[in-house]
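Visitor: Have a look at this fold, sequence not included:
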């Protein structure tokens, strides 16, 4: 059996603290904590929190006009207690680097030769394999007769769930999906044209040696040894205000890995197998998210469709940049980073000239944003200059600019804004500037890192996407950004 070649290290979300915006007086998330640190008017609880063991319980989707909005949780919501908070925070950096190394290994070209201005806007074929996204965020949807909590993955295409009968299944909180109890389930035969067409994306063997009654198989493998194997089928996917009949998904009969007690994975990539493509007639190939903080019980949202945008709770206007076609991995969302400002001052770096830019993946799976060495060095130097006077701390892992803020009550930090080709810009929330290596604040690091080589592709990670409404419009091939206090 052929297997997919993609590596997909499973990572956990990077931190379990929330910055509460002082502009929203109704929010008082820090009242239960003994000490707080105020960063630019936002309060941060400083102590070793533990996420209580909990069931994967979500609110029902909210239907407004032409959209359906789902409550979104960070992955630890279904994982139970974390006993050693500091170790968990530090381990995530190690896993994040493994993920990025695997991701970068897929790119064989030099980004100095392959720039957005060298590429036509023609449709590019799909590449082999599944995504390299990490699996950090959860939603609950209805597949057939069952509600299932799934990991949201913007780099994967195939949606799969654990199914009965299961030869090898990891522990999940909800009952396994049972196709025999669903009158709307249909198996996809291995001799069908659909099976052959989906083989490159779903990673099936394509074998049909025992007759047409055999189901069409799939196989996805991940960089840490996790995997899902099973067969493809049709089912009804209910998304609140829309029921998608004959939704193609994977019935996992042999699954292993760190999937956090969830029922499977929901693919939001760019191929015809993804949720976005299979629901395009209802939602126009548009979805968006506002990633939740990692404070206990906090929620974000995943919205299918756009309506008239009035259902978004953004606190700044939406700005757009175009997606850049990427022949190496066309299922990823690739943008052109053309500038960075720190405290209102624009970095002067040749790589960020308007005629060039840094080809960058918008990757909710990567935790820490990676920049070419020259760009990171300029960002680091300007940030250190403007953030002078605060006690420093030793670097940790990939983070080399760290501070000890444990004895302070209030800190002012320079604002950081990322600029993309066209009008797109993303103001990094203060919660996305610092990574807490130690939960008491004694080792807090600038949450950006350098790539090894100047020509490697940049990566905009999930840490910098917090408290942002990120809008993916596949029909118009563009991505939008707007600041938002993420909630449901």
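Guide: Ah, there it is. Keep in mind that what you see is a predicted model, and the values were worked out from it rather than measured.

Visitor: can you tell me which helix or strand residue 247 belongs to?
Guide: Using DSSP states H and E, residue 247 sits within strand 243-256.

Visitor: burial of residue 234, as a residue count?
Guide: For residue 234, the count of nearby residues is 16 (other Cβ atoms under 10 Å). No exception for glycine: its C-beta is placed from N, CA and C like everyone else's.

Visitor: Might you list the low-confidence residue ranges for the stretch 151-300 of the chain?
Guide: Under the criterion pLDDT under 70, the flagged ranges of the stretch 151-300 of the chain are 204-207, 209-212, 222-225, 293-297.

Visitor: Swap in 80 and give it another go.
Guide: Applying pLDDT under 80 to the stretch 151-300 of the chain picks out residues 155, 197-213, 221-226, 241, 258, 260, 292-298.

Visitor: Residue 66 contacts residue 304, correct?
Guide: No - Residue 66 lies out of contact with residue 304 (Cβ atoms under 8 Å); the separation is 9.3 Å.

Visitor: out of those two, which sits in the busier spot?
Guide: More crowded of residue 66 and residue 304, by other Cβ under 10 Å: residue 304, with 25 against 17.

Visitor: For the closest residue to residue 138 other than its chain neighbours, give me its contacts.
Guide: Excluding the flanking residues, the one nearest residue 138 by Cβ to Cβ, 6 or more residues apart in numbering is residue 73, at 4.7 Å. Contact analysis of residue 73 by Cβ atoms under 8 Å, 6 or more residues apart in numbering lists 58, 137-139, 292, 298-300.

Visitor: show me where this protein has helices.
Guide: Counting by DSSP state H, the chain has these helices, from start to end: 85-104, 193-202, 275-278, 280-283, 373-386.

Visitor: most tightly surrounded among those?
Guide: helix 275-278 (a mean of 22; mean count of other Cβ atoms under 10 Å).

Visitor: Centre of the chain to that helix, how far?
Guide: 17 Å (Cα atoms, centre = their mean, to the nearest Å).

Visitor: now for that helix, which elements pack on it?
Guide: When contacts are defined as 3 or more Cβ pairs under 8 Å, 6 or more residues apart in numbering; DSSP states H and E, helix 275-278 packs onto strand 243-256, strand 286-290.

Visitor: What strands line up against the shortest one, and which way round?
Guide: Strands adjacent to strand 286-290 in the sheet, as given by DSSP bridges, are strand 300-304 (antiparallel), strand 468-473 (antiparallel).

Visitor: a markdown table please, covering those strands and showing distance to residue 449.
Guide: A markdown table is the format used below for the strands paired with strand 286-290 (distance: least, Cβ to Cβ, whole Å):
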| stretch | distance to residue 449 |
| --- | --- |
| strand 300-304 | 24 |
| strand 468-473 | 19 |
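
Visitor: so what's residue 317 up against?
Guide: Applying Cβ under 8 Å, 6+ apart, the residues near residue 317 are residue 482.

Visitor: Could you check how far it is from residue 200?
Guide: As judged by Cβ to Cβ, to the nearest Å, residue 317 and residue 200 stand 39 Å apart.

Visitor: quick one: pLDDT of the residue nearest to the spatial centre of the chain?
Guide: Nearest to the mean C-alpha position of the chain, counting by Cα atoms, centre = their mean, stands residue 364 at 2.3 Å. Looking at residue 364, its pLDDT is 77.

Visitor: quick one: average pLDDT of stretch 437-447?
Guide: If you average the pLDDT over stretch 437-447, you get 90.

Visitor: Pull the distance from that stretch to the chain's centre.
Guide: Counting by Cα atoms, centre = their mean, stretch 437-447 comes out at 23 Å from the chain centroid.

Visitor: Bridge partners for residue 358, pull those for me.
Guide: The partner list for residue 358 in beta bridges (DSSP bridges) reads residue 337.

Visitor: Show the contacting residues for it.
Guide: Residue 358 touches 111, 336-338, 351-352, 371-372, 375, 457-458, counting by Cβ under 8 Å, 6+ apart.

Visitor: pretty sure residue 137 is touching residue 298, no?
Guide: No - at 11.9 Å, residue 137 does not count as touching residue 298 under the criterion of Cβ under 8 Å.

Visitor: neighbour count winner among the two?
Guide: A direct count of neighbours by other Cβ under 10 Å for residue 137 and residue 298 places residue 137 higher, at 25 against 19.

Visitor: Identify the residue spatially nearest to the more buried one, adjacent ones excluded.
Guide: residue 152 (4.6 Å).

Visitor: Now do the same contact list for that neighbour.
Guide: 72, 137-139, 266, 268, 289, 302, 364 are the contacts of residue 152 under Cβ under 8 Å, 6+ apart.

Visitor: Please apply the same query to residue 353.
Guide: residue 338.

Visitor: What backbone torsions are found at it?
Guide: With angles defined as degrees, to the nearest 10, residue 353 sits at phi -60, psi 140.

Visitor: How about the one 4 residues further on?
Guide: Comment: the main-chain dihedrals of residue 357 come out as phi 90, psi 170, following degrees, to the nearest 10.

Visitor: from what I can see it touches residue 340, true?
Guide: No - the criterion here is Cβ under 8 Å, and residue 357 misses it with residue 340 at 11.2 Å.

Visitor: and the helices and strands packed on helix 275-278, which is most packed in?
Guide: Of these, the one with the most neighbours on average (mean count of other Cβ under 10 Å) is strand 286-290, at a mean of 25.

Visitor: ok now that one, how far from the chain's centre?
Guide: Distance, centroid of strand 286-290 to centroid of chain: 11 Å (Cα atoms, centre = their mean).

Visitor: Provide the contact partners of that strand at residue level.
Guide: 72, 137, 152, 268, 275-276, 300-306, 312-313, 364, 467-475, 480, 484, 486-487.

Visitor: State the distance from residue 200 to residue 271.
Guide: If you measure residue 200 against residue 271 using Cβ to Cβ, the figure is 9 Å.

Visitor: Just give me the neighbour total for residue 469.
Guide: For residue 469, the count of nearby residues is 25 (other Cβ under 10 Å).

Visitor: now swap in residue 467 and tell me
Guide: Using other Cβ under 10 Å, residue 467 has 24 other residues around it.

Visitor: Do I have it right that it meets residue 481?
Guide: No - using Cβ under 8 Å, residue 467 is not in contact with residue 481, being 11.0 Å away.

Visitor: Next one: the residue nearest to residue 427 when sequence neighbours are not counted from residue 169, what distance?
Guide: Closest residue in space to residue 427, ignoring its immediate chain neighbours: residue 417 at 4.9 Å, by Cβ to Cβ, 6+ apart. Using Cβ to Cβ, residue 417 is found at 45 Å from residue 169.

Visitor: what's the answer for residue 466, then?
Guide: 33 Å.

Visitor: do the same with residue 233
Guide: Residue 233 is 17 Å from residue 169, by Cβ to Cβ.

Visitor: Looking at these two, which is more packed in?
Guide: Remark: of residue 233 and residue 169, residue 233 carries more neighbours, 21 against 17, as counted by other Cβ under 10 Å.

Visitor: For the closest residue to residue 246 other than its chain neighbours, which residues are in contact?
Guide: Distances taken as Cβ to Cβ, 6+ apart place residue 234 nearest to residue 246, at 4.5 Å, with adjacent residues excluded. Counting by Cβ under 8 Å, 6+ apart, residue 234 touches 184-188, 245-248.
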